[in-house]
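In: I need the structure of the sequence given here:
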Amino acid sequence: MKTALITGANRSIGLETARRLAGKGYFVYLGSRDLSKGNEVVDLLKREGLGTVEALQIDVSDSESILAAREIVRQKSGGLDILINNAGISGGFPQTPSQMDTDTIRRVFDTNFFGTIQVTQIFLELLKKSDTPRIVNVTSGLASLTLHSDPTWQYHAFKGAAYGPSKTALNAFTVALAYELRETAFKINAVDPGFTATDFNQHRGTGKIDDAADFIIKYALIGNDGPTGKFFSKDLNGEGDESPW
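Out: Numbers count the residues shown, from 1 in each chain. Below is the predicted model of the structure:
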């Protein structure tokens, strides 16, 4: 059975992505900083008839937590086929660049950027055991510097010092890693599920969680002839398209 790990999967888009992958026959490690919350979600999914799920305690800003999680996956599954780096924080809004506390900016980067790098690097050896290794780095349309420079863009005014820049940095890492592994079976992409109504944005988003999860899964399950090192956004053209950097 193929396996997947989703960080930040105990609610919202991460949870729905876990639900759908389990429904497609994957064994899903449902990453959660709080193991008790992860177990509650696993119980829910099992009541829905999805038995191939297991909660995994993982705090992406804590390397010891990530190492411990890797050992659990190694012992139980031997390898990993899909890694979806979904965990992230906003840092709160507004994020006025001239005034935002640098400690808060660092905290956002520790989770959204450095945390994702840590998880990816630590799990890479297990992903290399797969015939079809896939990495999806969940990003944001707010990462696009090109769109931020376009005054006609619908989110042109949504600028800040922490969240968007942390995702811009994540996109850059995605490109670099995809290039490094370009001669392998890896497919590594940055995927923006769109402005989705979740707890993350106090449900102000316009998109649906189901659609966001489907968009992420599309790139988690791409074939061997699929893209790598690209940035895709659900918000573009209504259906999703490659986003400008």
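In: Kindly tell me how buried residue 105 is, as a neighbour count.
Out: Neighbours of residue 105 under the rule other C-beta atoms under 10 Å: 19. For glycine as for every other residue, the C-beta is placed from the backbone atoms N, C-alpha and C.
In: let me redo that: residue 154
Out: 12.
In: again with the one 3 residues further on
Out: As a burial measure, the neighbour count of residue 157 was computed by other C-beta under 10 Å and equals 8.
In: if I pick it, what's in contact with it?
Out: Neighbour list for residue 157: empty [criterion: C-beta atoms under 8 Å, 6 or more residues apart in numbering].
In: Backbone torsions only: list them for it.
Out: When quoted as degrees, to the nearest 10, the phi and psi of residue 157 stand at phi -80, psi -10.
In: and the longest helix along the chain, what other elements does it pack with?
Out: Longest helix in the chain, counting residues (DSSP state H): helix 163-180. Contact partners of helix 163-180 among helices and strands, from 3 or more C-beta pairs under 8 Å, 6 or more residues apart in numbering; DSSP states H and E: helix 102-109, helix 116-127, strand 134-138, strand 187-192.
In: Reformat the ones you listed as TSV; add mean pLDDT and distance to residue 51.
Out: TSV is the format used below for the helices and strands packed on helix 163-180 (pLDDT from 0 to 100; distance: least, C-beta to C-beta, whole Å):
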stretch	mean pLDDT	distance to residue 51
helix 102-109	98	36
helix 116-127	98	22
strand 134-138	98	23
strand 187-192	98	27
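In: on that earlier part again, list the contacts of the longest helix of the chain.
Out: So helix 163-180 is contacted by 88, 90-91, 93, 95, 105, 108-109, 111-113, 116-117, 120, 135, 137, 139-140, 142-145, 148, 158, 186, 188-190, 228-229, 231, 245 (C-beta under 8 Å, 6+ apart).
In: So for that helix, what gets flagged as buried?
Out: Neighbour counts using 16 or more other C-beta atoms under 10 Å place 163-171, 173-175, 177-178 of helix 163-180 among the buried residues.
In: Sketch out the strands for the chain, chain order is fine.
Out: Secondary structure of the chain (DSSP state E): strands at 3-6, 27-32, 53-57, 82-85, 134-138, 187-192, 231-233, 241-242.
In: how near is the residue nearest the centre of the chain to residue 50?
Out: Geometric centre of the chain, nearest residue: residue 86, 2.5 Å, by C-alpha atoms, centre = their mean. Plainly put, residue 86 is 18 Å away from residue 50 if you go by C-beta to C-beta, to the nearest Å.
In: hmm, back to that, which of the contacts of helix 163-180 are buried? Put it as a PyMOL command.
Out: To isolate the buried ones among the contacts of helix 163-180 in PyMOL, judged by 16+ other C-beta under 10 Å, type:
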select buried, resi 88+90+91+95+105+108+109+111+112+113+116+117+120+135+137+139+140+142+143+144+148+158+186+188+189+190+228+229+231
